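S.K.: from the sequence below, what's the structure:
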Amino acid sequence: MVRSNLNKKIKYDCVGLEVNALDYLSILDPYPRLDDKVDVVKSSIQGGGPVPTALVTLAKLGAKVCYIGKVGDDAEGELVRSQLEKEGVDTRFVIVDKKIKTSKAYIWVDKKSGKRTVALDRDRKNILSKKDLGFLDSISTKYLHLDAREPQINITIAVWAKKQRAHVCLDVGSMRKGVEQVFPYVDHLIVSKRFACGFTKDTDPHMACRKLMKTGCETAVVTIGEKGCICDANDRIFLSPGFGVKVVDTTGAGDVFHGAFIYGLLESWPLRKTAKFANACAAMKCRRLGGRAGIPTLNEARNFIETFKNKTKIK
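M.R.: Take a look at the predicted model:
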């Protein structure tokens, strides 16, 4: 691990921490039932993980970002790091551990719907500890992005972020043990409909969003797939509609949404503009296989929104 000069802090727009993986993706047609055998239509190997993919999105949009995590001393770990670096994500604080295997995700995509099934193969020893974060005094950030997979280490770095008045964003896609322990440190809570309704025990995502605001966050957002997202801030709840595209693969759509949403926060955009931008970036990603391949640049996202607006006017 490379340590920076402690006399001069490295400044980032966003720092992200937690699980990474190498994604092995396959499009299947037809999607198999139990005990079926089918041929792969198309395949790809890409870096994955919710936080790393959000950081790649931010980097492509022009933000300065850093990823904190752990990989094994293997070919997969080298590929995870090299892909992040190629996309503009600083990986100098990524730990290479010879005692673990790099996480792998096996993803099967239904050609007809673009929806996918994910199986994560993660070494149980592949977790960060407080001693792995000794470099924190050498960096600063405006935003911290977490996924709450390991609540205690999330809290440790969230406390660090709060001390320097950074904003904390949290991504939760599915029910996770101990996630509520992280909530008191979160400014922007962005979760899936599955988690929102499961956690609040409310079938209406609008009501679930309102209940999530009671955790103390500044902004609560519930993503609802192709329909867009529901946002609540200052008791003003609204639906931001999604963008209709021909879906190839939904893998990473939520992760890209998070990255684009944080970009809007960095730019101090109004919440409605931020939500619309994040919806657009997520939709654009869905046109390509994998979580990373379809991530747009800032100009591409702006052009997409403008073109979509013009098409809507014509109709």
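S.K.: alpha carbons of the helix or strand of the chain with the lowest mean pLDDT, in CSV - could you do that?
M.R.: Least confident helix or strand of the chain, by mean pLDDT, DSSP states H and E, is helix 298-314 with a mean of 81. Output in CSV follows, covering the C-alpha atoms of helix 298-314 (Å, rounded to 0.1, in the frame of the first residue of the first chain):
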residue,chain,number,x,y,z
LEU,A,298,-21.2,14.3,-19.0
ASN,A,299,-21.8,15.5,-22.6
GLU,A,300,-23.3,12.2,-23.6
ALA,A,301,-25.8,12.3,-20.7
ARG,A,302,-26.7,15.9,-21.5
ASN,A,303,-27.3,15.1,-25.2
PHE,A,304,-29.4,12.1,-24.2
ILE,A,305,-31.6,14.2,-22.0
GLU,A,306,-32.0,16.9,-24.6
THR,A,307,-32.8,14.4,-27.4
PHE,A,308,-35.3,12.6,-25.2
LYS,A,309,-36.9,15.9,-24.4
ASN,A,310,-37.2,16.8,-28.1
LYS,A,311,-38.7,13.4,-28.9
THR,A,312,-41.3,13.9,-26.2
LYS,A,313,-42.3,17.3,-27.6
ILE,A,314,-42.7,15.8,-31.1
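S.K.: which strands or helices does it pack on?
M.R.: The contact analysis (3 or more Cβ pairs under 8 Å, 6 or more residues apart in numbering; DSSP states H and E) places helix 298-314 against helix 50-61, helix 271-285. Heads up, the C-betas are built off the backbone N, CA and C, glycines and all.
S.K.: turn these into CSV, including distance to residue 208, mean neighbour count and mean pLDDT.
M.R.: As requested, the helices and strands packed on helix 298-314 are exported to CSV (distance: least, Cβ to Cβ, whole Å; neighbours: other Cβ atoms under 10 Å; pLDDT from 0 to 100):
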stretch, distance to residue 208, mean neighbour count, mean pLDDT
helix 50-61, 20, 29, 98
helix 271-285, 17, 24, 97
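S.K.: just tell me which of those ends up closest to residue 234.
M.R.: Between residue 234 and the helices and strands packed on helix 298-314, the shortest separation by Cβ to Cβ is 9.1 Å, and it involves helix 271-285.
S.K.: so where is this protein shaky, pLDDT-wise?
M.R.: Low-confidence segments of the chain, defined by pLDDT under 70, span residues 1-7, 310-315.
S.K.: so which residue is smack in the middle of the chain?
M.R.: Nearest to the geometric centre of the chain sits residue 255, at 2.8 Å (Cα atoms, centre = their mean).
S.K.: with adjacent residues omitted, what lies nearest to that one?
M.R.: With sequence-adjacent residues excluded and distances taken as Cβ to Cβ, 6 or more residues apart in numbering, residue 255 is closest to residue 53, at 3.8 Å.
S.K.: show me where this protein has its helices.
M.R.: Remark: helices assigned in the chain by DSSP state H are 50-61, 75-86, 151-163, 193-200, 205-213, 253-266, 271-285, 298-314.
S.K.: so which of the ones you listed is the most packed in?
M.R.: Scoring these by mean neighbour count under mean count of other Cβ atoms under 10 Å gives helix 50-61 as the most buried, with a mean of 29.
S.K.: what's the distance between it and the middle of its chain?
M.R.: Counting by Cα atoms, centre = their mean, to the nearest Å, helix 50-61 is centred 7 Å from the centre of its parent chain.
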